[in-house]
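In: I would like the atomic coordinates for the input below:
(one chain, ligands or ions: 3)
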Amino acid sequence: MDGAIIDIKRFTLHDGPGIRSTLFLKGCSLRCAWCQNPEGVDAAINLWYFGNQCIHCCQCESVCAYGALLLDEEHEPFVQINKSKCTRCGACMASCPTRALSFDGKTISAAAAAEALLRDVEFYRQSGGGITISGGDPLVQHDFAIEVLRLCKKEKVHTAVETCLYADYEVLERFIPVTDLFIVDLKLADDAMHREYTHRSNELIKSNYVRLAWKKVDLLTRIPLIPNITATESNIAALARFIREENPDGRVELMNFNPLAVNKYVLMNKSTEFFEGMKPLSASEIEELQKLLESEGLSVVKEHRRLRSEGR
Ligand code: SF4
Ligand code: SF4
Ligand code: SF4
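Out: Ligands and ions are numbered 1, 2, ... in the order given. Modelled structure (predicted):
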């Protein structure tokens, strides 16, 4: 069974306990306005052009046998990619002298992914670590993710998934026997705001959260702190009440905004307007929000971590 992945990172420290390896899968059902890994939301593997690295040598167009590249001296971007014609053969990438063309992922079998994840198994055992499947969202390529988790569990390795919980419960339920820790994102308590900023309702997410909590799985709830959107007293207080009612013994962690993500939007020729003037919260602002969670009796992870935004 094959899956489309962004990458496999070794020696990760923030995706569950101990030293871990993390598999980042492509595909996400949400479209968060602040997405810190915009290359991960589309499940398909795409070719990207990074204009700031291009020296206009025209090599790529001449090697493309499918007519998928058009060079345009008059307009931006100089290299235009026709996704419907691109077969992802990689010839243009190989010919580019400056790495101005790049795929945002690759295809790999579940067995090969598990083998790569299990490479550092001795470190996991010594540190109480394991492997994590993240994304994108692992629920999108669920058959592939479950197979990788099954292969890792067979080797008695601790497994975690990081998910936004947007899928039918029947899909989520299949993860339970092969997952030791669910790291789940809750973003906005208000459904209208959730729709506005993620393009989806939060109803399914909340109902999956409640059902997972009933199952008494190990559940770490993470809330991304996006200035003036999720990182408001009213939103954190409303999420705290929801978590206290449905999962009072669970841990909660606030994840600070990471301005590095903006660089990716620039590289991908995407608008950065949303991020204008946005700064990470200060330590004291985070501590105030942590106090709100604690006032509902929740156990708060007291780290000040930022949202992950891997560099290209
Ligand atoms: S849930 Fe995560 S990966 Fe998916 S769009 Fe939102 S921020 Fe991006
Ligand atoms: S990956 Fe292959 S088909 Fe796609 S643009 Fe490059 S050379 Fe053409
Ligand atoms: S081969 Fe690379 S540097 Fe040359 S035109 Fe194409 S993208 Fe630009």
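In: what's the distance between the residue nearest to Arg200 when sequence neighbours are not counted and ligand 2?
Out: Closest residue in space to Arg200, ignoring its immediate chain neighbours: Leu30 at 5.4 Å, by Cβ to Cβ, 6 or more residues apart in numbering. For every residue, glycine as well, the C-beta is placed using N, CA and C. Distance, Leu30 to ligand 2, using Cβ to the nearest ligand atom, to the nearest Å: 28 Å.
In: leaving out chain neighbours, which residue sits closest to the residue of the stretch 151-300 of the chain found nearest ligand 1?
Out: Here the residue of the stretch 151-300 of the chain nearest ligand 1 is Cys164; by Cβ to the nearest ligand atom that distance is 3.9 Å. Closest residue to Cys164 apart from its sequence neighbours, by Cβ to Cβ, 6+ apart: Asp185 at 4.7 Å.
In: so what pLDDT did the one you found get?
Out: Here, the pLDDT recorded for Asp185 equals 97.
In: again with the one 5 residues further on
Out: Model confidence at Asp190, given as pLDDT, is 98.
In: before we move on, back to that, what about the residue nearest to Arg200, which SS state?
Out: Per DSSP: H, G, I helix; E, B strand; the rest coil, the secondary structure class of Leu30 is coil.
In: now the terminal residues of stretch 60-69, how far apart.
Out: The first and last residues of stretch 60-69 sit 8 Å apart, counting by Cα to Cα, to the nearest Å.
In: circling back to that earlier point, what bridges to the residue nearest to Cys164?
Out: Arg222 (DSSP bridges).
In: Ile226 versus that one, what's the distance?
Out: Taking Cβ to Cβ, to the nearest Å as the measure, Asp185 and Ile226 are separated by 12 Å.
In: contact residues of the protein facing ligand 3?
Out: Counting by Cβ under 6 Å from any ligand atom, the chain comes close to ligand 3 at 54-60, 79, 95-96, 98, 100-101.
In: spell out which parts of the stretch 51-200 of the chain neighbour ligand 2.
Out: Val63, Cys64, Tyr66, Ala68, Leu69, Cys86, Thr87, Arg88, Cys89, Gly90, Ala91, Cys92.
In: can you tell me which residues contact the first one?
Out: Residues in contact with Val63 (Cβ atoms under 8 Å, 6 or more residues apart in numbering) are Ala91, Cys92, Ala94, Ser95.
In: can you check the pLDDT for the residue nearest to the first one when sequence neighbours are not counted?
Out: Put plainly, it is Ala91. Nearest residue to Ala91, sequence neighbours excluded (Cβ to Cβ, 6+ apart): Val63, at 4.6 Å. On pLDDT, Val63 comes in at 98.
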